[in-house]
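Asks: Sequence first, predicted coordinates after that:
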Amino acid sequence: MQSSKNKKQTQEETKNSISAHFKDQLDAGHYELAFRRWLVRELNQKNITRTEAIEKFKLNPTSAHSLLHDWTIKYTDEHELSLPQMTSKEKTEKQALEKRIKELEKQVDKGKMHVIALNTIIDIAEENLNIKIRKKPGTKQ
């Protein structure tokens, strides 16, 4: 019970701080685009009711409902997609693919270490035996 009370209090403080920011920035009858989008998002997520918004932001009570309706239509994100939950088969496939990725990354690391080892061997052989093993760049084969 105590944790839900703290959570609600934190949400309320966040709402108040954000709305206070917008409240201080607005002239009478002028609403910034960011404010309109934020308010529509808050209304859609049910963080604030229309009545609370009208009172809190001192919207004209006679036209506020139609104004909020127009903003909701205009600023609701039409491209917001909700993805369905992954099925157990999809989760299993995902885990198998993640495992395969880790295996391939290990193989790449092993290959890099192999290249470093071979280059080191060639460097030592060239240095100690005074023979040129690597081709010079630009030589014809």
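Replies: Arrived safely, thanks for sending. Numbering: from 1, shown residues only.
Asks: So, low pLDDT: which residues of this protein?
Replies: 1-29, 78-82, 139-141 (pLDDT under 70).
Asks: What are the structural domain limits within it?
Replies: As given by automatic domain parsing, the domain ranges for the chain are 2-75, 86-141.
Asks: Pick the most buried one from those domains.
Replies: Ranked by mean neighbour count, the domains of the chain are led by domain 2-75 with a mean of 13 (mean count of other C-beta atoms under 10 Å). The way it works is simple: take the backbone N, C-alpha and C, and place the C-beta from them, glycine included.
Asks: could you point out the longest helix in the protein?
Replies: Assignment by DSSP state H gives helix 88-129 as the longest helix of the chain.
Asks: helices and strands around it, which ones?
Replies: Helices and strands touching helix 88-129, by 3 or more C-beta pairs under 8 Å, 6 or more residues apart in numbering; DSSP states H and E: there are none.
Asks: gap between it and the chain center?
Replies: 30 Å (C-alpha atoms, centre = their mean, to the nearest Å).
Asks: And stretch 126-140, by the same measure?
Replies: The answer for stretch 126-140 is 51 Å, by C-alpha atoms, centre = their mean.
Asks: How about residues contacting that stretch?
Replies: Ile122, Ala125 (C-beta atoms under 8 Å, 6 or more residues apart in numbering).
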